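A.B. asks: need a structure here:
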Amino acid sequence: MGKSIRSKSQRINRAIRRELIHKPNEDKRLARLTEKQKQELVEQLAKEKEVVEDKTSEERMDVPLSKVEKQKLFLSRNQYKKRQRAQSKSRRTGRVQIVKKKK
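C.D. replies: Numbers count the residues shown, from 1 in each chain. Down below sits the predicted model:
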């Protein structure tokens, strides 16, 4: 008859396997993943620096924002959507509705 997984001998063997076989493999894998993650972070930061260097403040100042872009920029997503729904509703019904801002 086989031993139960709860028996002392099985638990001891499982603990030994966990320490001697699986732990070194897990540590190696973790080291590989952290090294890869660090490398990707360095590459991402290098790309961001290149993008920032390419765009000067003059180029950004030359492009004016449209009214819609300003609304998207300065309103939260829900406020912007509510305002858009109210505008489309007012266009359909022909009357103006005022959207109240929550404070």
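
A.B. asks: Okay, now the unreliable bits of the protein?
C.D. replies: 1, 53-63, 94-103 (pLDDT under 70).

A.B. asks: Go again with 50.
C.D. replies: Low-confidence segments of the chain (pLDDT under 50): 58.

A.B. asks: tell me which strands and helices the one helix or strand Asn25 maps to is in contact with?
C.D. replies: For Asn25, the element it lies in under DSSP states H and E is helix 23-54. If you count contacts as 3 or more C-beta pairs under 8 Å, 6 or more residues apart in numbering; DSSP states H and E, helix 23-54 packs onto no helix or strand. C-betas here are computed from N, CA, C, even on glycine.

A.B. asks: Tell me which residues of that helix come out buried.
C.D. replies: Buried residues in helix 23-54, counting neighbours by 16 or more other C-beta atoms under 10 Å, are absent.

A.B. asks: in the helix or strand hosting Asn78, what counts as buried?
C.D. replies: Assessed by DSSP H and E, Asn78 sits inside helix 77-93. Within helix 77-93, the residues scored as buried using 16+ other C-beta under 10 Å are Lys82.

A.B. asks: switch to numbering from 40
C.D. replies: Fine by me, first position is 40 from now on; the one you just mentioned is helix 116-132.

A.B. asks: starting at the chain centroid, how far to it?
C.D. replies: 28 Å (C-alpha atoms, centre = their mean, to the nearest Å).

A.B. asks: who are the neighbours of it, in terms of helices and strands?
C.D. replies: For helix 116-132, the elements it packs on are helix 106-113, judged by 3+ C-beta pairs under 8 Å, 6+ apart.

A.B. asks: No further queries at this time; thank you.
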